[in-house]
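Novice: The following block contains a protein sequence and its predicted model.
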Amino acid sequence: MSKIQVLDQNTINQIAAGEVIDRPASIVKELLENAIDAGATMITVEIKDGGTSLIRITDNGSGIEKEDIQVAFLRHSTSKIKTALDLVTVSSLGFRGEALSSIAAVCQVELITKVQEDLTGIRYKIEGGKEKLMEEIGAPEGTTFIVRNIFFNTPARRKFLKTPQTETGYISDIIEKIALSHPDISIHFISNGQTKIHTAGNGNLKDVIYSVYGKDITDNLIEIHEENDFMKMDGFIGKPIISRGNRNCETYFINGRYIKSNIINKSIEDGYKFILMQHKYPFCVLNFEIPSELLDVNVHPAKMELRFRKAEAIYPWIMENLHDALLEKPNIIDVVLEETKEEKEEKISVPEPFEFHRKEQQQEALDRRTVYQPKTTVQEVQQVAKPYATGKINRPFETPKEEEKVVTPEKSVENAAPLQQKLSDVYDSFLTAPAKPKHKLIGQVFDTYWIIEYDNKMYIIDQHAAHEKVMFEQFMEKLQKKEVHTQMMSQPIILSLSMTEADLLNRYLDKFIEIGFEIESFGGQDFAVRGVPSDLYSLNSEDVLMEIIDNLSAEAGKMVPDMVTDKIASMSCKAAVKGNNLLTPAEMDALVDQLLQLENPYNCPHGRPTIITMSKYELDKKFKRIV
């Protein structure tokens, strides 16, 4: 056995640094958090070569007292806590005492700082944990850290760094998160001499989102302000149109600190589940305020993982509030035809022969273009729609006879007047019972899409997505009310499964029975399917069942409620009328009536839109009737 050695202090510091400093982004995070804790309102971060050769962070905070500078670079030194009990309630960001010590252990560090009371500042240099210089100099109030040559004394660790571009990306991500969590602080990020981020520090979160993500994201946000007796939620969530293919844009903070939490991730994504396509993730920037006694944050070197009490109450509260916020917004996608370069440059109106375009008519067109925001709640709309929405159509769709059609001729020049919207129209939207009699069914295109005219707009319905959503909602309602019916089969289907497949079927057998399958063991790894959900009787039941089992094997460990919902969505998709299938006007009218009954008729179970719309204004503009 080798002789046990006591490590020297330099080696101890480098090992500790490995727990805290793994790349330049870690240094930026620690120093930024220290600047915020020092009360800074302006912070500039400048890097070169992805932070590997230079990191300079300047703030206008309170500075560091001269007698505290050397102590600050010792391990386990901090101004935030005195005893272990303080760990429970610490609310500042950069509390861990080994941060500066760890940075100094593997970098060349220069500190310039000045407190308000002193006439001069202090310049302090430390390299590889060894003090090199300490002197008085002229300096502005605040602190500047200059960090050069990360891992200069541990070249083996330096080899594990990525390219400068990749390391810059890691740093940018950290700075974006901190800027979003502190909109009251102006943050300026410079990489290789170029400004990448510059926030105003005016306290407006939406302005920071614009600086970080741009106009398209900022134009599609929903503001959130909710509170209960143990937590508060503020910020913005994105409309489904700006969803992403990964979780990179799910940003949330607890008491101003960027945190990762499986419970919060789950609650946010489930709040969007009814409206997003599968494998799409929402955009959000949310801050949660939770009493510190309910949190245990400082349990991980990266301080990004979270444990807290009342977890069982947090999930449903977040999910339901986000779900309700999304429901309150119209979810029919408004299609805008893009202008060509020539159209954008065109500034004059092009009137029809014998027409004269007055300012009032142009204002009318602009009024039509305005996206309608209904003020009624979903519950109120459903209450109005209930007497009309029977689920079955008792009247065939009838195309109005020629003499019954209401023709609205264009107004003459002398009688032209701006459009005055009636008060009753304000409370109507396309899929409500009062609006239904005003629908003008134009017809079907490509044997897939139906066009309906209503309120100076053209609505286009995807028959497959719409029917799929109707079937899904009806099936889920039956499941909730325990009214799912089983259709018994004259000849049972015998499934011969592998050991893994048989194990999965046995494990979730009660769930299959719950959604309408009747399955029993047939000996060994064979199973007899004697009944299937009545709504799916027309499908190839063996294919549906095997697809569900195959998906289960690929989704091991997924929560059972999600599994059931996903499988019902998949079955609804298979059972729904497909594109390229010719429907009659009566069938289409019946489908619209069924959509009226749904809480959210605007998206299929996989998140695809069921309806899009285009305004008369956009068509008039495209045909140059107005400019």
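Specialist: Cool, the structure landed. Numbering: from 1, shown residues only.
Novice: Next secondary structure element downstream of the lengthiest strand in the chain?
Specialist: Secondary structure of the chain per DSSP state E: the longest strand is strand 486-496. Sequence order places helix 499-507 as the next helix or strand after strand 486-496, per DSSP states H and E.
Novice: Tell me what angle that next one forms with strand 486-496.
Specialist: If you take axes from the mean of the first three to the mean of the last three Cα atoms, to 10 degrees, helix 499-507 sits at 150 degrees to strand 486-496.
Novice: Just the buried residues of helix 499-507, please?
Specialist: Under the neighbour-count criterion of 16 or more other Cβ atoms under 10 Å, helix 499-507 has E501, A502, L504, L505 buried. The way it works is simple: take the backbone N, C-alpha and C, and place the C-beta from them, glycine included.
Novice: need the next SSE after that helix, C-terminal direction.
Specialist: helix 509-514.
Novice: Against which helices or strands is that following helix packed?
Specialist: Using 3 or more Cβ pairs under 8 Å, 6 or more residues apart in numbering; DSSP states H and E, the elements in contact with helix 509-514 are strand 518-521, helix 560-575.
Novice: of all the buried residues of helix 499-507, which two lie farthest apart?
Specialist: Largest separation among these by Cβ to Cβ: A502 and L504, giving 7.3 Å.
Novice: So which bits of the longest strand of the chain are buried?
Specialist: By 16+ other Cβ under 10 Å, the buried positions in strand 486-496 come out as T486, P492, I493, L495.
Novice: just stretch 316-330 next, same as before
Specialist: Under the neighbour-count criterion of 16+ other Cβ under 10 Å, stretch 316-330 has W317, I318, M319, N321, L322, H323, A325, L326, L327, P330 buried.
Novice: what does stretch 599-612 give?
Specialist: P601, Y602, N603, C604, P605, H606, G607, P609, T610, I611, I612.
Novice: Now flag whichever of the buried residues of stretch 316-330 is closest to Y252.
Specialist: I318 (9.4 Å).
Novice: Would you check how far apart Y454 and P437 are?
Specialist: 10 Å (Cβ to Cβ, to the nearest Å).
Novice: Compare those two (neighbour count), which wins?
Specialist: More neighbours surround Y454 than the other of Y454 and P437, with 18 against 7 (other Cβ atoms under 10 Å).
Novice: Pull the contacting residues for that one.
Specialist: Taking Cβ atoms under 8 Å, 6 or more residues apart in numbering as the criterion, Y454 is in contact with F430, A435, K438, H439, K440.
Novice: Of the residues you listed - the most surrounded one?
Specialist: F430 (23 neighbours).
Novice: Just to be sure, that one is in a helix?
Specialist: No - if the criterion is DSSP: H, G, I helix; E, B strand; the rest coil, then F430 is coil and not within a helix.
Novice: which regions of the stretch 101-250 of the chain sit below the pLDDT cut-off?
Specialist: Across the stretch 101-250 of the chain, nothing is flagged by pLDDT under 70.
Novice: 80 instead?
Specialist: 245 (pLDDT under 80).
Novice: thought I515 was touching L479?
Specialist: Yes - using Cβ atoms under 8 Å, I515 makes contact with L479 at a distance of 6.3 Å.
Novice: and these two? which has more neighbours close in?
Specialist: Neighbours were counted for I515 and for L479 using other Cβ under 10 Å; I515 has more, 21 against 17.
Novice: Quick check: nearest residue in space to I137, chain neighbours excluded?
Specialist: R123 (4.7 Å; Cβ to Cβ, 6 or more residues apart in numbering).
Novice: same question but for N287, I mixed them up
Specialist: Going by Cβ to Cβ, 6+ apart, N287 has F253 as its nearest residue, at 4.6 Å.
Novice: So which elements touch the strand or helix carrying the one you found?
Specialist: Per DSSP H and E, F253 falls inside strand 250-254. Counting contacts by 3+ Cβ pairs under 8 Å, 6+ apart, strand 250-254 packs against helix 164-181, helix 262-272, strand 284-289.
Novice: And the next helix or strand past the helix or strand of the chain with the lowest mean pLDDT?
Specialist: Across the helices and strands of the chain, mean confidence by mean pLDDT, DSSP states H and E is lowest for helix 423-426: a mean of 32. Scanning forward in sequence from helix 423-426 by DSSP H and E, the next helix or strand is strand 440-445.
Novice: Can you identify the element that follows that following strand toward the C-terminus?
Specialist: strand 449-454.
Novice: Following element in sequence after that following strand, please.
Specialist: strand 457-462.
Novice: who touches that next one?
Specialist: 332, 430, 442, 448-453, 579, 588, 591-592, 608-616, 619.
Novice: can I assume E127 is in contact with Q108?
Specialist: Yes - at 4.4 Å, E127 counts as touching Q108 under the criterion of Cβ under 8 Å.
Novice: shared neighbours, those two?
Specialist: F152.
Novice: quick one on the thing from earlier: okay if I get the buried residues of helix 499-507 as JSON lines plus pLDDT and distance to D22?
Specialist: Below are the buried residues of helix 499-507 laid out as JSON lines (pLDDT from 0 to 100; distance: Cβ to Cβ, whole Å):
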{"residue": "E501", "pLDDT": "76", "distance to D22": "42"}
{"residue": "A502", "pLDDT": "81", "distance to D22": "45"}
{"residue": "L504", "pLDDT": "78", "distance to D22": "39"}
{"residue": "L505", "pLDDT": "82", "distance to D22": "45"}
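Novice: Out of the residues you listed, which is nearest to D59?
Specialist: Nearest to D59 among the buried residues of helix 499-507, with distances taken as Cβ to Cβ, is L504, at 55.9 Å.
Novice: roughly how far apart are that closest one and I548?
Specialist: Distance check for L504 against I548: by Cβ to Cβ, it reads 9 Å.
Novice: Next: N262.
Specialist: In terms of Cβ to Cβ, N262 sits 25 Å off from I548.
Novice: okay, those two: which has more neighbours?
Specialist: The neighbour count for N262 versus I548, taken as other Cβ under 10 Å, is higher for I548 (23 against 11).
Novice: how about that one, secondary structure?
Specialist: Quick answer, by three-state DSSP: I548 is helix.
Novice: Am I right that Q525 is in contact with T500?
Specialist: No - between Q525 and T500 there is no contact under Cβ under 8 Å: 9.7 Å.
Novice: host element of Y315?
Specialist: Following DSSP H and E, one finds Y315 within helix 311-327.
Novice: Name the nearest of the buried residues of stretch 599-612 relative to G138.
Specialist: G607 (60.0 Å).
Novice: you'd agree the closest one is up against H279?
Specialist: No - using Cβ under 8 Å, G607 is not in contact with H279; the gap is 9.1 Å.
Novice: any idea of the angle the helix holding Y315 forms with strand 284-289?
Specialist: 140 degrees.
Novice: What angle do strand 250-254 and helix 311-327 make with each other?
Specialist: Using the same axes, to 10 degrees: helix 311-327 against strand 250-254 is 130 degrees.
Novice: okay, the angle between helix 311-327 and helix 262-272?
Specialist: Using the same axes, to 10 degrees, helix 311-327 lies at 30 degrees relative to helix 262-272.
Novice: any residues touching helix 311-327, and which ones?
Specialist: Residues contacting helix 311-327 (Cβ under 8 Å, 6+ apart): 222, 224, 226, 228, 230-231, 233, 237, 239-240, 263-264, 266-268, 270-272, 274-275, 308, 378, 599-600.
Novice: So for it, mean pLDDT?
Specialist: Mean pLDDT, helix 311-327: 88.
Novice: Check stretch 37-50 too.
Specialist: 95.
Novice: contacting residues for V115?
Specialist: S62, G63, I64, E65, E141.
Novice: Try it again at 6 Å.
Specialist: Under the criterion of Cβ atoms under 6 Å, 6 or more residues apart in numbering, the contact partners of V115 comprise G63, E65.
Novice: distance of it from E167?
Specialist: 33 Å.
Novice: From R608, how far out is the spatially closest residue to I549 that is not a sequence neighbour?
Specialist: In space, and not counting its chain neighbours, I549 is closest to E501: 5.3 Å by Cβ to Cβ, 6+ apart. Separation of E501 from R608 (Cβ to Cβ): 30 Å.
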